[in-house]
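In: Pasted the sequence and its predicted model underneath.
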Amino acid sequence: MKNFVVKTIANAGALAVAVWLLDKITLTGDSTAKKIGTLVVVALVFGLVNFLVKPIVQLLTFPLFILTLGLITLVVNALMLLLTSWLCDKLHLSFHVQGFWTAVLGGLIISIVSWALHLVLPDGKD
């Protein structure tokens, strides 16, 4: 359970950095508390998408992974971010990613920040 909370916090932090750095990734809300709440829910949706959908997509794109020496991972991460944006729209959450190239850059930022936060935050495996 602690590991799940840490991963959600890391995802929320990484998403917040992407929203802060990229104008075409938006998160709106009336107050800071509402934005934080929305960000946590978006992090949960993003985590669910990465847990359920990403392994299937990675399996299907495995030949491309070998052919591109792993660069297809950027595209897969972008597609997961776009899927999260679409699901958030269906759930009436105020998170939106505008365009594929924004999603590629956003996915790269989220991957780097999430990796760094996982190094800093305790993972509950001690």
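Out: Alright, I've got the coordinates.
In: Now do the same for the spatially most central residue of the chain: its pLDDT.
Out: The residue lying closest to the centre of the chain (C-alpha atoms, centre = their mean) is residue 46, at 5.0 Å. At residue 46, the pLDDT value in this model is 95.
In: Go through whichever strand or helix holds it and flag the buried ones.
Out: Secondary structure from DSSP states H and E places residue 46 in helix 32-52. Using 16 or more other C-beta atoms under 10 Å as the test for burial, helix 32-52 gives 35, 38, 39, 41, 42, 43, 45, 46, 47, 49, 50. The C-beta positions use only the backbone N, C-alpha and C, and glycine is treated the same way.
In: For it, which outside residues touch it?
Out: Helix 32-52 is touched from outside by 7-9, 11-12, 15-16, 19, 27-29, 80-81, 83-84, 87-88, 91, 93-95, with contacts defined as C-beta atoms under 8 Å, 6 or more residues apart in numbering.
In: And for stretch 111-126?
Out: In contact with stretch 111-126 (C-beta under 8 Å, 6+ apart) are residues 1-3, 6-7, 9-11, 13-14, 17-18, 77.
In: Now intersect the residues you listed with the helices, please.
Out: 2, 3, 6, 7, 9, 10, 11, 13, 14, 17, 18, 77 (DSSP state H).
In: Fine by me, we can end here.
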